[in-house]
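> test case, fold it:
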Amino acid sequence: MDRRFNLVLVLCFIFFVSGCAGAVAPKADTESAAPIETAWGTHHSDYKRDSMHPGPIDVPLKKTWKRSVRTFYQRFFKLSVPDTSSSPIVYDNILYAGSPGNRFFAFDLTSGKTVWKFKPKSPVNGAPTVDGDKVCFGTVNTVFHCLDRKSGAELWKMDAKAEILAAPVIAEGRVFMLSEDNRLYALDAATGKKLWGASSPSGETVLPRLVNSPAYADGRLYVMFSDGYLAALDASTGRELWQARSTGNYLADRGARHAPLLGGSMVYAIDYGGYVTAYDAISGEKKIRYDITGVSDFAIKDGVFYAATNERMTAMTASTGEVLWISDMPKDSTVSFLAMSGNHIFVFRNAKHRPLGIKRLEKDVSYITVYSATDGTVVWEKKFGTYMLSEPALFNGGAAFIDRKGRLYVFKAPV
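Take a look at the predicted model:
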């Protein structure tokens, strides 16, 4: 009896400490900071999925605060996190992030203090979207949640019958949500009522697990389905407008970007050979395939196509594919994400570091490398002793990401 009683006391203590730990906010490195404008409200920044921050971000960046988005139980027993993670997003000076510990957080971007916390019944591994008064996201156990962004109160929820990793689109009074069984849903934004559903033309059911958020513009949705079909749909009815067989084996390219990108009159996607292909957004006609393979991520700005592979950064004229410059990437690293701000290209990489070449001492590291968009020269680079798991968010003054251990980092330029 005494042993059982002691065990109960220990468990009560652990859960008490867990609750206290979740309530403690870190101290920011700076006493105060200027207000941060709305910046990065969904996966890949906006509904064009262009990974573009509109204003410049000064470098170098300095870590100002970090928080663990795992539960105390996960940290105490050193439980690993999934191979995907909810990407942080920034909206009106609030940073939103999901957690593998069945939590969804709103943090004050300046101080790191918790504004509110919502508790779904399973991990949040996909990227959320904030738009207007709503923040919406999916979960591992197939439930899609829509919350009031200021209070965290649940407005409605919907069971998609499949895991949800893609960030939704909130437009036209509707929420468009893609689940991992290749089903795209249009839901009433006020009630969550299903308005229509659509799926990939292939009908395949065994699919890779991908974060392939739909793009949206001018009443059209552009979806890269997990079976490799790129399709354009009428957002009002779900009617298919065109389709293209873009990829043949996504499983071989899981490290690459899977969301389509809208740029001007084109929609861009990485195809089966690791090349980027541009399609006419209205007709679906293939326009150009850029002569660079193994692309992990890319961006389009001011008529220039920027592509990152694990070997190099390349800039090309977007309309012709003419090479403007090439900059070699450091060896033995893997490009995770690319984003742009002003004249800077931010490339986020992961690598293994072996002190003195000893394998037993090997550890994960990550890098933020900033290139000049003009000529590809390295403007700044920073190494971190962690593995970057989520796509980063850029905001006025800095960047944020979540690592493999479920730690949320926020970096800002010194004031």
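> and V295, how many neighbours?
23 (other CB atoms under 10 Å). Where you see a C-beta, it was placed from the backbone N, CA and C, and this is true even at glycine.
> mind checking the SS state of it?
Three-state assignment for V295 (DSSP: H, G, I helix; E, B strand; the rest coil): coil.
> could you measure from it over to R289?
11 Å (CB to CB, to the nearest Å).
> mutual contacts of the two, please.
Listed contacts common to V295 and R289 are 275-276; contacts here mean CB atoms under 8 Å, 6 or more residues apart in numbering.
> so H53 makes contact with H44?
No. Using CB atoms under 8 Å, H53 is not in contact with H44, being 11.1 Å away.
> between the two, which is the more surrounded one?
Between H53 and H44, counting by other CB under 10 Å, H44 is the more crowded of the two (27 against 23).
> tell me which residues touch the more buried one, please.
Taking CB under 8 Å, 6+ apart as the test, what H44 contacts is 50-51, 213, 259, 261, 391.
> mind redoing it with 7 Å?
50-51, 213, 259 (CB atoms under 7 Å, 6 or more residues apart in numbering).
> for D148, the count of nearby residues, please.
By other CB under 10 Å, neighbour count at D148 equals 14.
> what of D218?
D218: 8 neighbours (other CB under 10 Å).
> equivalent analysis for E154, please.
Neighbour tally, E154, other CB under 10 Å: 12.
> state the distance from the nearest residue to it once chain neighbours are set aside to V295.
With sequence-adjacent residues excluded and distances taken as CB to CB, 6 or more residues apart in numbering, E154 is closest to L147, at 5.5 Å. The gap separating L147 from V295 is 35 Å, by CB to CB.
> swap in K382?
Distance, K382 to V295, using CB to CB: 24 Å.
> now do P201
P201 is 25 Å from V295, by CB to CB.
> residue ranges in the stretch 151-300 of the chain under the pLDDT threshold?
Filtered on pLDDT under 70, the stretch 151-300 of the chain yields the residue ranges 203-207, 247-255.
> swap the cut-off to 80 and go again
Scanning the stretch 151-300 of the chain for pLDDT under 80 picks out the ranges 201-209, 246-255, 272-273.
> would you map the strands across it?
Secondary structure of the stretch 151-300 of the chain, counting by DSSP state E, counting those that start in this stretch: strands at 154-159, 169-171, 174-178, 183-188, 194-199, 215-217, 220-224, 229-234, 240-245, 261-263, 266-270, 276-280, 286-289, 297-301.
> the third one vs strand 194-199, what angle?
Spelled out, it's strand 174-178. Interaxial angle, strand 174-178 versus strand 194-199 (axes from the mean of the first three to the mean of the last three CA atoms, to 10 degrees): 30 degrees.
> what lines up beside strand 174-178 in the sheet?
strand 169-171 (antiparallel), strand 183-188 (antiparallel) (DSSP bridges).
> what comes into contact with the shortest one?
With contact meaning CB under 7 Å, 6+ apart, strand 169-171 is reached by 47, 129, 131-132, 134, 136, 176, 189, 214, 216, 221.
> and of those, the nearest to R354?
Of all the contacts of strand 169-171, T129 has the smallest distance to R354: 39.5 Å, by CB to CB.
> burial check on the closest one, number of neighbours?
So T129, with other CB under 10 Å, has 27 neighbours.
> please list all residues in contact with the closest residue to it other than its chain neighbours.
Of all residues not flanking T129 in the chain, T42 sits nearest, at 4.1 Å (CB to CB, 6+ apart). T42 makes contact with 89, 127, 129, 167, according to CB under 7 Å, 6+ apart.
> for those, which single residue is the most surrounded?
The most crowded member of these, judged by other CB under 10 Å, is A167 (31 neighbours).
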